[in-house]
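Colleague: Quick one, structure for this:
(2 chains)
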Amino acid sequence: MLGEFEYVLITTAAGLGNEAYGAAIREQIARTTGRKCSLGALYTTIDRLETKGLLKTWMGDATPQRGGRAKRMIRVTAKGVQAAKDFYDAVTRVSRGASWVVNQTGGATE
Amino acid sequence: MSSGWSLTEVAAHLLHHEEREAVLGDLSEAHESGWRGLLDVLGLVARRQLQLWKSWRPWVSGFGLALPSSFLLMGASVAVTVAYQGLNAQKSLNQPSLFLSQALLLVAWSWSGGFVVGKLSRQTLWASVLLCFAPCLFCFARFRIPSLSRESLLLFLLPAALGALQGLRRTRIRFRVASLLAFSVTALMVFLWSNGRLWFVNWSLIWPVWYIASTARNASGEVEQC
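Modeller: Residues are numbered from 1 along each chain as shown, chains lettered A, B, ... in the order given. The predicted structure is shown next:
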């Protein structure tokens, strides 16, 4: 099963679609979680997920706002989508009945 | 360009070319400060190195081969120098063959050790080199035998460096050549052992040639270059 950060990364990359690359993913993660991830954590996790076949990466074009340097583009594979879905389902199942989970009527269960 | 950013670019050379491009581009796009970028790059480099050390290869290469072998090969280097001096002083009939055997063994041990170190630890070669040089510097600074020069300690370095370079390039060795080398080294060691010229600990220097032979056997059948 995926780790927490692996899930966050895959979900963010999937959400960014064709614009998924290091800086964009890092910015999106900081915006949605309120925590800035280090480049080291980001790139080593990307490598690990690529080794597992959950992501595919390739070098994209260089752009002026990056000082003429190329992007490492990222795409979530079908296997990656399935792994993220499995993680989400597991978290959803394990969270049923937890006091902080909002129930179907809109309130928190006691 | 700030000094922090300059240092970041220097540190980024520790990364592979493509990763360096992506990382420096990401930092530039995020408008990170030079020092923050430097920390990020160093953090990534540290993680990459830690990942490499999860494998058995750098441990065997550094602590199982480079470090202990450097002590033994320094001893063998001195033994060859002493044998060379004895060659001139004595007129014993088997003296030249003993000297030649010792000299050939020194070259074979050093080259094969360097080759295996280079082959096993491409990206952690710096650590193996440090572990080889540390004992050399230690002994070089304390060497006090008037009849021998201190440089005689380091005779093994040239063939070892040559072997390491060939190991880094992953030079393929034919199985026949590798097994001939392994059997020759073994025969020379037996010859010296029977003449009381081999310390029993030096038998540990035999495994790199046999490792090369066994890997050459696995790779036999492919296009080979020696």
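Colleague: now for the least confident helix or strand in chain B by mean pLDDT, which elements pack on it?
Modeller: The helix or strand of chain B with the poorest confidence is helix B:3-11; it has a mean of 87 (mean pLDDT, DSSP states H and E). With contacts defined as 3 or more Cβ pairs under 8 Å, 6 or more residues apart in numbering or on different chains; DSSP states H and E, the packing partners of helix B:3-11 are helix B:17-29, helix B:34-52. (C-beta placed from N, C-alpha, C; glycine too.)
Colleague: Quick check: which of those has the most neighbours on average?
Modeller: helix B:17-29 (a mean of 21; mean count of other Cβ atoms under 10 Å in any protein chain shown).
Colleague: tell me which residues of the helix or strand containing residue A:70 are tucked away?
Modeller: Assigned by DSSP states H and E, residue A:70 belongs to strand A:69-76. By 16 or more other Cβ atoms under 10 Å in any protein chain shown, the buried positions in strand A:69-76 come out as A:69-74, A:76.
Colleague: now that strand, how far from the chain's geometric center?
Modeller: From the chain centre to the centre of strand A:69-76 is a distance of 14 Å (Cα atoms, centre = their mean, to the nearest Å).
Colleague: so for it, what's the average pLDDT?
Modeller: Averaging pLDDT along strand A:69-76 gives 94.
Colleague: what would the helices and strands packed on helix B:3-11 look like in a markdown table with distance to residue B:173 and mean pLDDT?
Modeller: Shown next, in a markdown table, are those (distance: least, Cβ to Cβ, whole Å; pLDDT from 0 to 100):
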| stretch | distance to residue B:173 | mean pLDDT |
| --- | --- | --- |
| helix B:17-29 | 29 | 92 |
| helix B:34-52 | 25 | 91 |
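Colleague: that older thread, outside of the strand holding residue A:70 itself, list whatever touches it.
Modeller: Applying Cβ atoms under 8 Å, 6 or more residues apart in numbering or on different chains, the contact partners of strand A:69-76 are A:10, A:13-14, A:20-23, A:25, A:46, A:54-63, A:84, B:18-19, B:21-22, B:24-26, B:28.
Colleague: Just the buried ones among these, please.
Modeller: A:10, A:13-14, A:20-23, A:25, A:46, A:54-55, A:57, A:84, B:19, B:21-22, B:24-26, B:28.
Colleague: So which residues on chain B come close to chain A?
Modeller: B:18-19, B:21-30, B:40-41, B:43-44, B:46-48, B:51 (Cβ under 8 Å from any Cβ of the partner chain).
Colleague: Packing partners of the next helix or strand along the chain from the strand holding residue A:70?
Modeller: Per DSSP H and E, strand A:69-76 leads on to helix A:78-95 as the next helix or strand towards the C-terminus. Contacts defined by 3+ Cβ pairs under 8 Å, 6+ apart place helix A:78-95 against helix A:4-16.
Colleague: need the next SSE after the helix it packs on, C-terminal direction.
Modeller: Using DSSP H and E, the first helix or strand after helix A:4-16 is helix A:22-33.
Colleague: check whether that following helix contacts chain B.
Modeller: Yes: legend: contact between helix A:22-33 and chain B by Cβ under 8 Å from any Cβ is shown at A:22-23, A:26-27.
Colleague: send the alpha carbons of that helix over as PDB?
Modeller: The C-alpha coordinates for helix A:22-33 follow below in PDB (Å, rounded to 0.1, in the frame of the first residue of the first chain):
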ATOM      1  CA  GLY A  22       8.500  19.200  -9.700                       C
ATOM      2  CA  ALA A  23       7.900  22.900  -8.900                       C
ATOM      3  CA  ALA A  24       4.200  22.800  -9.700                       C
ATOM      4  CA  ILE A  25       3.600  19.700  -7.500                       C
ATOM      5  CA  ARG A  26       5.600  21.200  -4.700                       C
ATOM      6  CA  GLU A  27       3.600  24.400  -4.800                       C
ATOM      7  CA  GLN A  28       0.300  22.600  -5.000                       C
ATOM      8  CA  ILE A  29       1.200  20.400  -2.000                       C
ATOM      9  CA  ALA A  30       2.200  23.400   0.000                       C
ATOM     10  CA  ARG A  31      -1.100  25.200  -0.900                       C
ATOM     11  CA  THR A  32      -3.400  22.200  -0.100                       C
ATOM     12  CA  THR A  33      -1.600  20.800   3.000                       C
END
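Colleague: Most proximal residue of chain A with respect to chain B?
Modeller: Closest residue of chain A to chain B, Cβ to the nearest Cβ: residue A:69 (3.2 Å).
Colleague: Enumerate every residue touching the closest residue in space to that residue that isn't next to it in sequence.
Modeller: Nearest residue to residue A:69 in three dimensions, chain neighbours excluded: residue B:25, at 3.2 Å (Cβ to Cβ, 6 or more residues apart in numbering or on different chains). When contacts are counted by Cβ under 8 Å, 6+ apart, residue B:25 touches A:22-23, A:62-63, A:66-67, A:69-71.
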